[in-house]
Each structure stands twice: as structure tokens, then as C-alpha cells.
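Asker: all I have is the shape, not the residue letters:
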């Protein structure tokens with residue numbers, strides 16, 4: 001006559017239940033970590049794109065030079081009365097900055113002249129952050145062109 005569970009059966013059931021609970025706990029922790037890493041990457045991409053959009057919106061004001069004031073700095077294309085100055089100013093030097101009020105992200109902006117044409121600037125933005133002791137980064141690049149006659 002079998003009246004109940006033996007101590008061995010109870011210990012095995014408790015052990016299996018403990019393994020299942022620990023596995024589910026690890027899964028939840030892993031999903032949360034992946035979600036945080038993904039959110040940081042999305043935010044870094046947004047910061048990089050925002051910077052490139054700002055550079056594109058202010059490029060003419062930053063680099064343009066009318067022919068009278070450009071003597072020796074740049075040569076306007078045929079039919080143009082303006083051109084972009086070469087990247088010799090501090091605005092073109094790579095600079096690292098904390099993004100807004102968020103100390104988690106650093107942004108490095110670099111502008112260089114396209115070889116052979118100062119009317120084209122190569123803009124690179126790299127946003128970095130620390131995650132679990134490792135440096136993560138996102139890099140976005142674009143070409144800015146001085147196509148408008150100012």
C-alpha cells in the first residue's frame with residue numbers, strides 16, 4: 001500500500017522546479033540586458049543622425065565664401081560666385097563632446113575635405129558609450145556638398 005511520496009521523490013521534484021525557476025530567471029535577465037543594449041544603440045543612432053542633419057542644415061553658413069572674400073581660399077566653379085572654404089578652421093577638427101545632458105554618450109564629429117574638391121565635405125559622426133565594461137559605438141557618415149550658388 002502506497003500512501004504518499006517518498007522523500008526522494010519530493011527532493012527530485014523540488015530540484016526540477018528549482019532548475020526551471022533559475023532558467024526562467026536567467027532568461028528574463030538576458031532579455032532585459034538585450035533590450036537595454038538595443039535601446040542604447042537606437043539612441044546612439046538618433047544622436048548621430050541628429051548631428052549629421054544639423055551639419056547639413058548649417059553647412060552653407062559654415063563653409064561658404066563669396067568670391068570677393070574668398071581670394072586664395074577657394075575657387076568658385078564655372079558659373080558660380082561662391083565656393084566652400086577648405087577645412088582649415090577649428091570647425092573641421094575632430095571634437096569629442098558629451099551628448100546634451102546625457103553623460104552616457106560621447107559624440108566625435110570629424111569634417112574633412114573631399115580630395116580634390118573643397119566644395120564637398122566628408123562628415124563622420126561616431127557616438128560611443130560604455131556597456132558592461134565594453135566600449136560600444138555607432139558610426140554614421142555623409143557627404144555635404146556646396147551645390148548652391150550663394
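Answerer: That came through fine. Here the structure is a predicted model, which means the values were calculated and not measured.
Asker: this structure: helices as residue ranges?
Answerer: 7-63 (DSSP state H).
Asker: shaky segments in it?
Answerer: 1-2, 4, 66-72, 88-102, 147-150 (pLDDT under 70).
Asker: which strand runs longest in it?
Answerer: What stands out as the longest strand in the chain, according to DSSP state E, is strand 117-131.
Asker: neighbouring strands for it, and are they parallel or not?
Answerer: Next to strand 117-131 in the sheet, as set by DSSP bridges, lie strand 102-114 (antiparallel), strand 134-145 (antiparallel).
Asker: got the angle for the longest one vs helix 7-63?
Answerer: Looking back up the chat, that one is strand 102-114. With axes from the mean of the first three to the mean of the last three Cα atoms, to 10 degrees applied, the angle from strand 102-114 to helix 7-63 works out at 40 degrees.
Asker: please apply the same query to the shortest one.
Answerer: With the same axes, to 10 degrees applied, the angle from strand 134-145 to helix 7-63 works out at 30 degrees.
Asker: how about strand 134-145: buried residues?
Answerer: Of all the residues in strand 134-145, those buried under the rule 16 or more other Cβ atoms under 10 Å are 138, 140, 144. Every residue, glycine included, has its C-beta placed from N, CA and C.
Asker: over to the first one?
Answerer: Applying a neighbour-count criterion of 16+ other Cβ under 10 Å, the buried positions in strand 102-114 are 105-109, 111, 113.
Asker: any chance of a markdown table for these, columns distance to residue 10?
Answerer: Shown next, in a markdown table, are the buried residues of strand 102-114 (distance: Cβ to Cβ, whole Å):
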| residue | distance to residue 10 |
| --- | --- |
| 105 | 53 |
| 106 | 56 |
| 107 | 59 |
| 108 | 60 |
| 109 | 64 |
| 111 | 70 |
| 113 | 77 |
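Asker: from these, which is closest to residue 82?
Answerer: residue 113 (16.3 Å; Cβ to Cβ).
Asker: for the closest one, which non-adjacent residue is closest in space?
Answerer: Nearest residue to residue 113, sequence neighbours excluded (Cβ to Cβ, 6 or more residues apart in numbering): residue 87, at 4.8 Å.
Asker: neighbours of residue 25, just the number please.
Answerer: Neighbourhood size, residue 25 [other Cβ atoms under 10 Å]: 10.
Asker: residue 59 too?
Answerer: By other Cβ under 10 Å, the residues close to residue 59 number 18.
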